[in-house]
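Chemist: Okay, sequence plus prediction incoming.
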Amino acid sequence: QVQLVESGGGLVQPGGSLRLSCVVSGFRLDYYAIGWFRQAPGKEREGVSCISSSDDSTYYADFVKGRFTISRDNAKNTVYLQMNSLTPEDTAVYYCAASVLLIAWRPDDFGSWGQGTQVTVSS
């Protein structure tokens with residue numbers, strides 16, 4: 001059974017950092033592209049970052065470039081999202097998702113999703 005479980009969310013002050021983890025089970029992590037998405041209250045889900053299954057190429061939304069870093073540890077079946085210089089606009093539920101494509105960005109291209117972890121940036 002394919003499963004993705006996010007962790008690492010929480011309350012952080014503006015300018016702070018968090019590292020989210022996405023632990024996967026039921027499939028080989030290196031066969032899938034993994035994406036991070038977020039959804040704020042009243043807003044649509046949006047892509048944040050993605051790492052490819054083939055060569056670990058990484059992609060970022062413009063609003064997180066230079067602040068967030070995605071990485072994967074296949075031995076630990078885990079994908080990370082390091083988030084620095086957080087702002088209140090980053091407040092959202094963050095989801096990881098798996099795609100059988102080499103690289104993906106649209107939510108419809110991801111077939112398996114985690115339950116999400118809340119990130120709140122506030123003073």
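Modeler: Structure received. Numbering: from 1, shown residues only.

Chemist: So for this structure, the centremost residue is which one?
Modeler: residue 36 (2.4 Å; CA atoms, centre = their mean).

Chemist: does the residue lying closest to that residue once chain neighbours are set aside sit in a helix, a strand or a coil?
Modeler: Closest residue to residue 36 apart from its sequence neighbours, by CB to CB, 6 or more residues apart in numbering: residue 48 at 4.4 Å. Backbone N, C-alpha and C define where each C-beta goes, glycine included. Under the three-state scheme (DSSP: H, G, I helix; E, B strand; the rest coil), residue 48 adopts strand.

Chemist: okay, now residue 48: neighbour count?
Modeler: Neighbours of residue 48 under the rule other CB atoms under 10 Å: 24.

Chemist: what's near enough to touch it?
Modeler: Residue 48 makes contacts with 35, 36, 37, 38, 60, 61, 64, 68, 81, 94, as judged by CB atoms under 8 Å, 6 or more residues apart in numbering.

Chemist: beta partners for the residue nearest to the centre of the chain?
Modeler: residue 49, residue 96 (DSSP bridges).
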